[in-house]
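A.B. asks: Here's my sequence, what's the structure:
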Amino acid sequence: MDHDPRCCARTDPTAGEPGPGADAPFDPAAPIDDPVTAEQVENIDWIAVQTDLDRCDGYVVLAVDPQTGEVDAHGPYPGLDALQTADGLRRTLDREGLDDVVVRVVRWHQQRGGDTAA
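C.D. replies: Just a heads-up that it's a prediction; the model follows:
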């Protein structure tokens, strides 16, 4: 796949790449060793970051129930439609007392010719 999981807002292109001790499993919740400074944030091209984030075929609204482990996916939608759907779903779940259900909007990538799901 041609997806690069590194954060497009990182200022250090090698950040997040394996280095010494790379045998240890990656923990995404671990603190970042190299926090971004205010000066580095000023140098980020936020237009390019937004463009990279939006480089997808649409968005899917996910509802995850931590009690049952069930996941529902709704979509794909264009950007604003996905946000409106997520907001409506959140309001409905809150009215029904299901405030522990997590609602998220995620990027959707349509399968391209030659791509395989492994």
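A.B. asks: Run a quick check on L93 versus A63, I expect a contact.
C.D. replies: Yes. Shown here, L93 and A63 form a contact pair, counting by Cβ atoms under 8 Å, at 7.2 Å. Any C-beta I mention is one placed from the backbone N, CA and C, and that applies to glycine too.
A.B. asks: Check the contact lists of those two and give me the overlap.
C.D. replies: Common contact partners of L93 and A63 (Cβ atoms under 8 Å, 6 or more residues apart in numbering): 101, 103.
A.B. asks: what sits against Q67?
C.D. replies: Going by Cβ under 8 Å, 6+ apart, Q67 touches D100.
A.B. asks: Give me the three-state assignment for it.
C.D. replies: With DSSP: H, G, I helix; E, B strand; the rest coil as the basis, Q67 sits in coil.
A.B. asks: From E96, how far off is it?
C.D. replies: 13 Å (Cβ to Cβ, to the nearest Å).
A.B. asks: got it, and N43?
C.D. replies: Separation of N43 from E96 (Cβ to Cβ): 46 Å.
A.B. asks: for D81, same thing?
C.D. replies: As judged by Cβ to Cβ, D81 and E96 stand 23 Å apart.
A.B. asks: In terms of neighbours, single out the busier of the two.
C.D. replies: Between D81 and E96, counted using other Cβ atoms under 10 Å, D81 has the larger neighbour count: 14 against 9.
A.B. asks: what helix or strand does that one sit in?
C.D. replies: helix 79-95 (DSSP states H and E).
A.B. asks: Tell me which residues are up against that helix.
C.D. replies: Residues from elsewhere that reach helix 79-95 (Cβ under 8 Å, 6+ apart): 54, 58-61, 63, 74-77, 99, 101, 103-105.
A.B. asks: For ChimeraX, what selects the buried ones among these?
C.D. replies: Typed into ChimeraX, the next command selects the buried ones out of these (criterion: 16 or more other Cβ atoms under 10 Å):
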select :59,60,61,63,74,75,76,77,101,103,105
